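*Asks:* Structure for the following, please:
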Amino acid sequence: MFLTQPTAESVGGAFTVIQHQIRLVVKGSHLFLFNVCAPANSIRTQLIAAFVEYITHNPQRYSDDSVDVIFDALRDSFPCVEKAKQK
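*Replies:* Model prediction:
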């Protein structure tokens, strides 16, 4: 839930942590822990822009837990797509 109006510092700090978290993989696999497949060279402002676009188009989510909304926004913008195995 967004209890207060976020500041640039709080948003930047939160997305610094999230940028690290989305790169974590499940031990012993190639699967990303949070199922977000942002490009390895993505920058924090791209992640923030993805969130802003998502929340703009989904205002009903504004009262939801902010972390859940952020990860849903990033999954929406950077989906992990399983590549079909070719025989």
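*Asks:* From now on I want contacts and neighbour counts done on CA atoms only, so please keep to that.
*Replies:* Fine.
*Asks:* Who are the contact partners of the residue positioned nearest the centre of the chain?
*Replies:* Centroid check for the chain by C-alpha atoms, centre = their mean gives Leu74 as the closest residue, at 3.0 Å. Leu74 makes contact with Val36, Ala38, Leu47, Ala50, Phe51, according to C-alpha atoms under 8 Å, 6 or more residues apart in numbering.
*Asks:* As JSON lines, those with pLDDT, secondary structure and distance to Val26 would be great.
*Replies:* Shown next, in JSON lines, are the contacts of Leu74 (pLDDT from 0 to 100; DSSP: H, G, I helix; E, B strand; the rest coil; distance: C-alpha to C-alpha, whole Å):
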{"residue": "Val36", "pLDDT": "94", "secondary structure": "coil", "distance to Val26": "12"}
{"residue": "Ala38", "pLDDT": "92", "secondary structure": "coil", "distance to Val26": "16"}
{"residue": "Leu47", "pLDDT": "93", "secondary structure": "helix", "distance to Val26": "21"}
{"residue": "Ala50", "pLDDT": "95", "secondary structure": "helix", "distance to Val26": "24"}
{"residue": "Phe51", "pLDDT": "92", "secondary structure": "helix", "distance to Val26": "24"}
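*Asks:* between those residues, which is closest to Val81?
*Replies:* Val36 (9.8 Å; C-alpha to C-alpha).
*Asks:* Verify the contact between the closest one and Arg75 for me.
*Replies:* Yes. At 4.9 Å, Val36 counts as touching Arg75 under the criterion of C-alpha atoms under 8 Å.
*Asks:* Neighbour count: those two, which is higher?
*Replies:* Neighbours per residue, other C-alpha atoms under 10 Å: of Val36 and Arg75, the larger number sits with Val36, 23 against 19.
*Asks:* Give me the below-cutoff pLDDT ranges for the chain.
*Replies:* Counting by pLDDT under 70, the chain shows low-confidence ranges at 1-12, 82-87.
*Asks:* now the helices for it?
*Replies:* Secondary structure of the chain (DSSP state H): helices located at 8-21, 44-57, 66-77.
*Asks:* buried stuff in the last one?
*Replies:* By neighbour count on 16 or more other C-alpha atoms under 10 Å, the buried set for helix 66-77 is Val69, Ile70, Phe71, Asp72, Ala73, Leu74, Arg75, Ser77.
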